[in-house]
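K.L.:
This is a predicted model, with the sequence first.
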Amino acid sequence: MDSENLIPVAKRWLVDPKIPVSISEGLTEYPPLIRQLFFNRGITTADQAIDFLLARSAAQTDPDLLKDMSITIERLHAAVLKNEPIAVYGDYDVDGVTATALLVEVLRVAGAQVKEYIPNRFDEGYGLNNDALALLAAQGIGLVITVDCGVRSPREADFARSLPLDLIICDHHQPGPELPSVWALINPKQPGDVYPDKNLAGVGLAYKIAQSYLKHYPVDGVKVEDWLDLVALGTVADLAPLSGENRELVAAGLARIHAQKRQGLYSLAQVANLRLDKTTAGDIGYMLGPRLNAAGRLESALASFELLTATDPNRASELAQKLDTQNVQRQQITRDIQKQAIDQVLKKSTGAWIIFAADPCFNEGVVGLAASRLVEAYYRPAIVGHSGEEFTRASCRSIPEFHITEALDQCAHLLVRHGGHKAAAGFTVRNTNLPELIERLTEIAQSTLSGLDLHPILHADAELVLSQVWGKNLPDLMPYFDRFQPFGIGNPEISFISRNLKVKRTTQVGKEGSHLKLKVTDDHGVIYDAIAFRQGYLKDQLAEGERIDLFYTLELNEYKGQQSLQLNVKDINPVRIGS
C-alpha cells in the first residue's frame, strides 16, 4: 500500500442479528422494535431492561473500593484541618478542567485552602512538569492532587518528593510499566485495584474522591450530587464509554444540567443557541464540549475553568462569548491543518499504514482534531504534530484494530514522554529520533493491520421501511428512544437503514456549504427531511429523482410548539440497479 492509494474509505453497513424468539417473549411488555434495540445492547431480561431505562448501574459504586482512597481522604482532611494550602493540578481538556473545577469547589466548601493549576499547553505541554511543581512548592503549597494526568510521570513524582511536596495522583489513563512513587495513586487500572468499573473518566474519579470525602466528613447542606453536571460534561467530552457506571453518572448529570443551576453553563448555552433544559449527550459532544475545549487549544484552559466556576452573570457571559469566538477560530484552524496534512501525506513515498504529518505551523492545540478527521476520512491511524526547534509534540488517533498507546509503548526508548488510550494518545519526541519513530510505528502498524479488511463499520439496529414504522407508531416509540439516552461509546445512537428512497430536493447549508439538507420519500406519500453533516460535497451526485439508501438516526425538531421528524444521515449509498 503506498500513499497514492490513500483515498477516503467507504463504510460497510451491518444490521444487527434479529432477536431470538425466546428472548423476545421475555420482553413482551415492550413494542417489537424496542425489544430488538434491547437485544442489540445485550439486554435480554425484563429486569435488565428496567435497569437500562432507569440508567441504573449494576456495578458497585462505593468509592472506597478504589485503591489508596482511604489514605487520599485522610491526607486531604489533614490539610483541611491544618489550613494547609492544596493545589489541584488538572489537564487542559474538558475532562481535566471539569475535574479540576469539581475538586476545587468541593474542597472549598469543605473548608480547604485550595487553588487550581492547569498547565499551558503551549509553554508546558501535557501533564505534570517539574517547573510547575517547583513553583507550587515555592508558593507554600504542601499538597498537590492531580486530576486526569500524572500516572505516567514517575520522574516528576520523584522530583516532587525531593522538594518536598506531597503528591496524590488521580488519573484514569493506562499506567505505564513504572508506577509513580507518590503519597497515593487513584487509578482503577493500576495493579491490585478491585474497583469494578475501569472506564471512569478523569472527572468521574475526581467525583469519587469528592463522594468519599463527603461520606466520611459531611458538610451541612452539601450534596456531592450537585457536581454531577460537571461529571456529565467531562465524561462525554472525553469519549468515555457510556455504559455501566458512566451511563448512570451521565444520565444523572444531564438532569442536573437541565436544572440550570450553573451560571457558566447557562451562559455558554446561550451563545451556542442551545436549550440547556433539553441538553443531550450529543449536545455536549458537538456544542458545549468543543467550546469549553477551545480555550485550552488556542490560549489557556483557565478561561474554561473560570467560566465553569463563575457566579457573576456578566463575567460568565463575557467568558462564554470569548469561548464561542475561539471555537470558530479553532474550526478554521482545524480545516487548514487537515488540508495541509493531507497534502503533506500525499507528497510522501512512504507507506500509508499510518498517516503522519508535522509542521512548525501546525497549532499544537488543534492537531488532535485534525488527526481525528483524517482517521474518519481514511480509516488509518493518524499522527499530526507541531515541530519545534528541538522537539515534535504530536497527537495520535487510531482505529479499533490498532492500539496506538501499546504501539507507542514499543517505541518508548525513542520518546521523551507519551501516554493515552487505545484510540487516542500523545507524545513528545526529539526531532533527531522522529524518522526512526515513524519508521518503527509504520512497521508495527503494517504487521498488525496487513491482511485485514480495513473499512469503518456502521452497525444498524434494524432495516426499516420509513412509512410503515414512523407513521402511527412514532408517538409510541419516541418516548422509549429518549430513555435509551445518553448515547455515546458503549451505548451507540439508535440507527436504522432505509433503502430505495427517492431524492426530492438537496441543498448545501452551513459554512462553505459543508452540510447537506435533503428531502426524501419512499413513494408512500410522505416526504421526510434529512440532514447530512459534513457531506455537502455530495450535492452534485444526488439529482432530483435519484434513488439512494440511507443510514441514519432519528431526531425530533421542535418549532413554535410543532414537532417534526428529521433523519440525521450518517452515510449515503446510491442504489445500484441490478445489484
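P.N.:
Structure received. Numbering: from 1, shown residues only.
K.L.:
okay, CA-based contacts and neighbour counts for the rest of this
P.N.:
OK.
K.L.:
got any ranges where this protein has weak pLDDT?
P.N.:
Applying pLDDT under 70 to the chain flags residues 1-8, 58-60, 346-351, 468-475, 558-561, 563, 576-579.
K.L.:
Which parts of it belong to which domain?
P.N.:
9-19+457-574, 63-227, 348-449 (automatic domain parsing).
K.L.:
what lines up beside the helix or strand hosting Ile145 in the sheet?
P.N.:
Assigning secondary structure by DSSP states H and E places Ile145 in strand 143-147. In the sheet, strand 143-147 lines up against strand 86-90 (parallel), strand 166-170 (parallel) (DSSP bridges).
K.L.:
For the very next helix or strand once past the last one, report the contacting residues that lie outside it.
P.N.:
Put plainly, it is strand 166-170. Next along the chain after strand 166-170, taking DSSP H and E as the criterion, comes strand 184-186. Contacts of strand 184-186 with the rest of the structure, by Cα atoms under 8 Å, 6 or more residues apart in numbering, involve 66-69, 71-72, 151, 167-171, 205.
K.L.:
Just put these in JSON lines and tack on neighbour count and distance to Met478.
P.N.:
Listed next are the contacts of strand 184-186 as JSON lines, based on neighbours: other Cα atoms under 10 Å; distance: Cα to Cα, whole Å:
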{"residue": "Leu66", "neighbour count": "24", "distance to Met478": "39"}
{"residue": "Lys67", "neighbour count": "21", "distance to Met478": "42"}
{"residue": "Asp68", "neighbour count": "16", "distance to Met478": "44"}
{"residue": "Met69", "neighbour count": "21", "distance to Met478": "42"}
{"residue": "Ile71", "neighbour count": "14", "distance to Met478": "47"}
{"residue": "Thr72", "neighbour count": "23", "distance to Met478": "45"}
{"residue": "Val151", "neighbour count": "29", "distance to Met478": "43"}
{"residue": "Leu167", "neighbour count": "26", "distance to Met478": "49"}
{"residue": "Ile168", "neighbour count": "27", "distance to Met478": "46"}
{"residue": "Ile169", "neighbour count": "26", "distance to Met478": "43"}
{"residue": "Cys170", "neighbour count": "28", "distance to Met478": "40"}
{"residue": "Asp171", "neighbour count": "28", "distance to Met478": "38"}
{"residue": "Leu205", "neighbour count": "24", "distance to Met478": "33"}
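K.L.:
Could you double-check that Arg534 lies in contact with Leu516?
P.N.:
Yes: judged on Cα atoms under 8 Å, Arg534 makes contact with Leu516 at a distance of 7.3 Å.
K.L.:
Show me which of the two is the more surrounded one.
P.N.:
Comparing Arg534 with Leu516 by other Cα atoms under 10 Å, the one with more neighbours is Leu516, at 21 against 15.
K.L.:
was I right about that one contacting Arg505?
P.N.:
No: look at Leu516 against Arg505 with Cα under 8 Å: they stay out of range, at 10.2 Å.
K.L.:
Enumerate every residue touching Leu163.
P.N.:
Contacts for Leu163 were tallied using Cα under 8 Å, 6+ apart; they are 134, 137.
K.L.:
check contacts around the most centrally placed residue in the chain.
P.N.:
By Cα atoms, centre = their mean, the chain has its centre lying nearest to Leu239, at 2.4 Å. Shown in contact with Leu239 (Cα under 8 Å, 6+ apart): 488-489.
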